[in-house]
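Engineer: Pasting the sequence and the predicted coordinates here, then a few questions.
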Amino acid sequence: MSDSPKLTHLNAAGQPAMVDVGAKTATRRVARARSRVVLGPEIIALVQQGDLPTRKGPVFQTAILAGIMGAKRTSELIPLCHPLGLDDCQVRIEVDGPDAVLIECTASVTGKTGVEMEALTGASVAALTIYDMCKALSHDIVIQETRLLSKTGGKQDFYHAG
């Protein structure tokens, strides 16, 4: 048997299949993901005067709520993702340099499968919400670098250096 990594969402016939986690032991699992949104210096200047108010509400507060809602609904968006009852989900947004914001989503669960998809979805949905709420100010907004920063619990921990 090969030790090389294999796709876990394919059955022996090569067809899509949900991973059976029934025999796994429930453990505490935590994942942290980040998205970076380049807004441009003009929008960042508005943000630094306080959370940018719009007709849809304050941008950052709305993005935080959207990120949490997205993380909670990950299994409805990503095929074959197990539905999880999250223990916690935190979304933090901070200015990153003269023209961007960093969004960090941390999701945790005590369960049989990881929460990295929930953390990635939370960061992504918060980024999309910022884009949606700021697009009237600029069409040059770029969502970039959505990635997993760390995960603990389960078979193997992961930490991204940087």
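Structural biologist: Cool, got the structure.

Engineer: biggest helix in this protein, by residue count?
Structural biologist: Secondary structure assigned by DSSP state H gives helix 116-134 as the longest helix of the chain.

Engineer: So which elements touch that one?
Structural biologist: Counting by 3 or more Cβ pairs under 8 Å, 6 or more residues apart in numbering; DSSP states H and E, the packing neighbours recorded for helix 116-134 are strand 27-38, helix 59-72, helix 74-77, strand 88-96, strand 100-111, strand 142-152. C-beta here means a position set from N, CA and C on the backbone, and glycine is covered the same way.

Engineer: Using a markdown table, lay out the ones you listed together with distance to residue 126, mean pLDDT and mean neighbour count.
Structural biologist: Output for these, formatted as a markdown table (distance: least, Cβ to Cβ, whole Å; pLDDT from 0 to 100; neighbours: other Cβ atoms under 10 Å):
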| stretch | distance to residue 126 | mean pLDDT | mean neighbour count |
| --- | --- | --- | --- |
| strand 27-38 | 7 | 98 | 21 |
| helix 59-72 | 3 | 97 | 22 |
| helix 74-77 | 13 | 97 | 16 |
| strand 88-96 | 5 | 97 | 17 |
| strand 100-111 | 5 | 97 | 23 |
| strand 142-152 | 10 | 96 | 16 |
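
Engineer: Can you add distance to residue 14 and give those back as TSV?
Structural biologist: As requested, those are exported to TSV (distance: least, Cβ to Cβ, whole Å):
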stretch	distance to residue 14
strand 27-38	28
helix 59-72	30
helix 74-77	23
strand 88-96	34
strand 100-111	28
strand 142-152	26
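
Engineer: between the ones you listed, which one is nearest to residue 50?
Structural biologist: helix 59-72 (9.7 Å; Cβ to Cβ).
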